[in-house]
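> Build me a model:
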Amino acid sequence: MANAVKEIWIEPATFWMGSNDHYPEEAPARQVAVDGYWIDETPVTNRAFRDFVDATGYVTLAETAPDAKDYPDADPAMLRAGSSLFTPTLHAVSLHDPFQWWSFTFGANWRNPWGPDSNLDNLEDHPVVHVAYQDAEAFAAWAGKSLPTEAEWECAARGGLDRKAYAWGDELHPEGSMFANTWQGDFPHANSLADGFLRTSPVRTYPANAFGLYDMIGNVWEWTSDWYTQANQIKTCCVPRNPRGGEENASRKRGDAFPRKVLKGGSHLCAPSYCQRYRPAARYPQTIDTSTSHIGFRCVRREPASRPSAGARR
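Below is the predicted model:
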């Protein structure tokens, strides 16, 4: 049931969002304020998503053949149900061509996360993947919740730490310890598996942040409800309260048929040699029709009727 997903209360807060020290789309660092809210302790798992599907009969985008009207230039042979699947390369390749490690795979979906011959055996407590934005929204609505805004997500991920690079401080691996499921080694061909996982890991495998939240960094990217725009293009006055992203039309990249939402948190594919987005400030634009083997989500619930104590769980 949806209520089996544990939630943690985040106190109303003013915090520093973004970063001036990493990727340009994260700048400028600026103060924002958010009201209090409940947020899921972990990303939504395969177990919880199956409860939703069993209760509603919902069919995800990856399980539905694409409509030719939405993809007029597509090869008709490619208009079959599937999703984008990561496959490690056999050797070092140019990091400018992601199609060397990403492929649209027929039959890949949340039930078959690593391709049509895979299943969810022993993956019940892993984050659900191959969920497009509309799939995450549908789950949230069924659960009586919403997807977090980018500001809500980042406030929760920081765990009350002020302008630290990571959700746990300023070192990626404090005293050699692994605090998140990321890629160790040369991406996309050599992963030392120092953290024990090539792909997703069970939620709660790594330490919670100071708010008691798990997997805010690494494991899977997470959808937010904000339309993507460069942070320096978002107009603000003083310290904005509950800020939102840009406009839907402005979120479209030139040539894209679909608008883009903000992803947060990085994934198990983020690596020092490639994508250093395993940080609270990191953000990435993703078209809403996209599902992949490294994108999931978690939900929030905004209920101001009674103010719980900081860190309350339910």
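> now the helices for this protein?
Secondary structure of the chain by DSSP state H: the helices cover 46-56, 133-142, 150-158.
> Buried deepest among those helices, which one?
Ranked by mean neighbour count, these are led by helix 150-158 with a mean of 26 (mean count of other C-beta atoms under 10 Å). Where C-beta positions appear, they are placed from N, C-alpha and C, glycine not excepted.
> List the residues that contact the nearest residue to residue 14 once chain neighbours are set aside.
Counting by C-beta to C-beta, 6 or more residues apart in numbering, residue 14 lies nearest to residue 33, which is 4.4 Å off, once chain neighbours are set aside. Residue 33 makes contact with 12-15, 239-242, according to C-beta atoms under 8 Å, 6 or more residues apart in numbering.
> pLDDT for those residues - can I get that in TSV?
Putting those into TSV (pLDDT from 0 to 100) gives the following:
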residue	pLDDT
12	96
13	97
14	98
15	98
239	92
240	92
241	93
242	93
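> pLDDT weak spots in this protein?
1-4, 232-237, 304-307, 309-312 (pLDDT under 70).
> that older thread, now neighbour count and distance to residue 265 too, for the contacts of residue 33, in CSV please.
Shown next, in CSV, are the contacts of residue 33 (neighbours: other C-beta atoms under 10 Å; distance: C-beta to C-beta, whole Å):
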residue, neighbour count, distance to residue 265
12, 14, 22
13, 17, 18
14, 12, 22
15, 17, 16
239, 11, 24
240, 17, 22
241, 12, 23
242, 14, 20
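> and which of the residues you listed is nearest to residue 157?
Residue 157 lies nearest to residue 15 out of the contacts of residue 33, by C-beta to C-beta, at 10.4 Å.
> So that closest one is in contact with residue 30, correct?
No. Contact criterion C-beta atoms under 8 Å: residue 15 and residue 30 do not qualify, at 10.0 Å.
> Provide a list of residues in contact with residue 139.
44, 49, 52, 58, 131, 297, 299.
> so which of those comes closest to residue 123?
residue 49 (11.1 Å).
> Surely the closest one is in contact with residue 110?
Yes. If you go by C-beta under 8 Å, residue 49 and residue 110 touch, sitting 6.2 Å apart.
> Which neighbours do those two have in common?
Residues touching both residue 49 and residue 110 (C-beta under 8 Å, 6+ apart) are 128, 131.
> which strands and helices sit next to the longest strand along the chain?
The longest strand of the chain (DSSP state E) is strand 221-227. Packing contacts for strand 221-227, counted by 3 or more C-beta pairs under 8 Å, 6 or more residues apart in numbering; DSSP states H and E, involve helix 150-158, strand 260-264, strand 283-287, strand 295-296.
> chain center to the first one, what's the gap?
Taking C-alpha atoms, centre = their mean, to the nearest Å, the mean C-alpha location of helix 150-158 is offset from the chain mean by 12 Å.
> now do the shortest one
Between the centre of strand 295-296 and the centre of its chain there are 5 Å (C-alpha atoms, centre = their mean).
> sorry, back to before: same list (the helices and strands packed on strand 221-227) but as a markdown table, adding distance to residue 96.
As requested, those are exported to a markdown table (distance: least, C-beta to C-beta, whole Å):
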| stretch | distance to residue 96 |
| --- | --- |
| helix 150-158 | 27 |
| strand 260-264 | 20 |
| strand 283-287 | 17 |
| strand 295-296 | 21 |
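> Compare the ones you listed and give me the one nearest residue 90.
strand 295-296 (24.8 Å).
> what are the pairing partners of the longest strand of the chain, and which direction each?
strand 260-264 (antiparallel), strand 295-296 (parallel) (DSSP bridges).
> could I get those strands as JSON lines with distance to residue 182 and mean neighbour count?
Formatted as JSON lines, these follow (distance: least, C-beta to C-beta, whole Å; neighbours: other C-beta atoms under 10 Å):
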{"stretch": "strand 260-264", "distance to residue 182": "15", "mean neighbour count": "26"}
{"stretch": "strand 295-296", "distance to residue 182": "15", "mean neighbour count": "28"}
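> among the ones you listed, which is nearest residue 142?
Judging the strands paired with strand 221-227 by C-beta to C-beta, what sits closest to residue 142 is strand 295-296, at 16.1 Å.
> which other residues reach that closest one?
For strand 295-296, contacts defined as C-beta under 8 Å, 6+ apart pick out 43-44, 127-131, 219-223, 263, 267, 286.
> that older thread, neighbouring contacts of the longest strand of the chain?
Contacts for strand 221-227 (C-beta under 8 Å, 6+ apart): 43, 131, 133, 136, 146-150, 152-153, 244-248, 250-251, 259-267, 284, 286, 294-298.
> cutoff 7 Å now
Around strand 221-227, the neighbours that count as contacts under C-beta atoms under 7 Å, 6 or more residues apart in numbering are 43, 133, 136, 146-150, 153, 244-248, 251, 259, 261-267, 284, 294-298.
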